[in-house]
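**Student:** any chance you could fold what I've pasted below:
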Amino acid sequence: MSPAREAQLLEEATYSEVRLRGRLSGVTSVEMPSGDAAVVFRIVVDRPARQRGLSGRVRVDALECVAWSAAARRRLLAWHDGDVVEVEGWLQRRFWKSGAVPASRTEVVARDVRRAA
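**Tutor:** Residues are numbered from 1 along each chain as shown. Here you go, the predicted model:
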């Protein structure tokens, strides 16, 4: 098998794909040191019923997301906290140093965002 075909098969066999539907929270526009613009936000999603506490209360996860495309940034900035939205994208882990301490963050990179009907 050629190295190119082997690389293609590996790319097809491994991927990161995320699809979320939840409530929008904490939308903030940021400018990176590079000059690139992004919108960071959270999607609040309910956990499945089997993961609810003994009290039966619904537990939630607030998942960190970032949108880089101009269209997604415009949409997100026009919406409000609590709006139900759908996000499609992929998981990404970023690394940096905070002073001398290494840090990392796992986030959803939003390829597409839309309000849920």
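
**Student:** where do the strands sit along the protein?
**Tutor:** Ranges of strands in the chain, per DSSP state E, are 18-31, 37-46, 60-67, 84-98, 101-115.

**Student:** quick one: closest of those strands to Glu11.
**Tutor:** Closest to Glu11 of the strands of the chain is strand 84-98 (CB to CB; 13.3 Å). Placement of C-beta: from N, CA and C, glycine included.

**Student:** circling back to that earlier point, wait, which of the strands of the chain is closest to Ala4?
**Tutor:** Using CB to CB, the nearest of the strands of the chain to Ala4 is strand 84-98, at 23.5 Å.

**Student:** do you know which of the strands of the chain lies nearest Arg73?
**Tutor:** Nearest of the strands of the chain (CB to CB): strand 37-46, 4.6 Å.

**Student:** where's Ala13 relative to Ser2, distance?
**Tutor:** 16 Å (CB to CB, to the nearest Å).

**Student:** how about Glu86?
**Tutor:** Taking CB to CB as the measure, Glu86 falls 39 Å from Ser2.

**Student:** between these two, which is the more surrounded one?
**Tutor:** Between Glu86 and Ser2, Glu86 has the larger neighbour count (other CB atoms under 10 Å), namely 16 against 7.

**Student:** residues in contact with the residue of the chain most remote from its centre?
**Tutor:** In the chain, counting by CA atoms, centre = their mean, Met1 sits farthest out from the average C-alpha position, at 36.3 Å. If you count contacts by CB atoms under 8 Å, 6 or more residues apart in numbering, Met1 has them with Leu9.
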